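1. 3D model of this:
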Amino acid sequence: MRPTKNRLALVLWGVLLLGSTTVFSQGVNKKMTKMEEVMVAHDEVMDKMPKLSKLINQLQTRANASYEKEKYEKAIADLKAANKSMMDWMHAFGKRFDADEMMKGKELSEQKQKWLLEEERNVELLREEIDSGIARAEKVLGL
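-> Residues are numbered from 1 along each chain as shown. So this is what the prediction gives:
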């Protein structure tokens, strides 16, 4: 049986969450590796996903009751695009790095070190996309 993209995303999310949780359990004085920094950034972005879902529901409710559906539908589309970006990023990240590299500090090849720098930039762009989508949705909702 071939896993679906959503199932892979959930598995990766679990691996990423466990990996970054390990960082905090190892002590505050330890300097984080680049991989740990990327995992922490992922977790911070991932923590915003329930809010994103809640906003989509609120926007949909307002759109259904409004004659001005377009402004709500645009905000919904932005949030859904941000959610898709998150799932796509996790899927792509999981293809580049294995669980030992993410969670156990397995040494990265030179190529993977370059990829990790790319992924660090990508997760920051993802954070910006999600934050701006949330801000636009809150503005449309008057929050």
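
2. Remind me what the strand or helix carrying D43 packs against, helices and strands.
-> Assessed by DSSP states H and E, D43 sits inside helix 34-46. Judged by 3 or more CB pairs under 8 Å, 6 or more residues apart in numbering; DSSP states H and E, helix 34-46 is in contact with helix 5-25, helix 69-96, helix 99-103, helix 110-141. Glycine gets a C-beta too; all of them are placed from N, C-alpha and C.

3. least reliable of the ones you listed going by mean pLDDT?
-> Looking over those, mean pLDDT reaches its minimum on helix 5-25, with a mean of 52.

4. circling back to that earlier point, export the helices and strands packed on helix 34-46 to TSV and append columns for mean neighbour count.
-> Output for the helices and strands packed on helix 34-46, formatted as TSV (neighbours: other CB atoms under 10 Å):
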stretch	mean neighbour count
helix 5-25	15
helix 69-96	17
helix 99-103	17
helix 110-141	16
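
5. Save these as TSV, and put in distance to L52 too.
-> What follows is the helices and strands packed on helix 34-46, written out as TSV (distance: least, CB to CB, whole Å):
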stretch	distance to L52
helix 5-25	14
helix 69-96	5
helix 99-103	23
helix 110-141	6
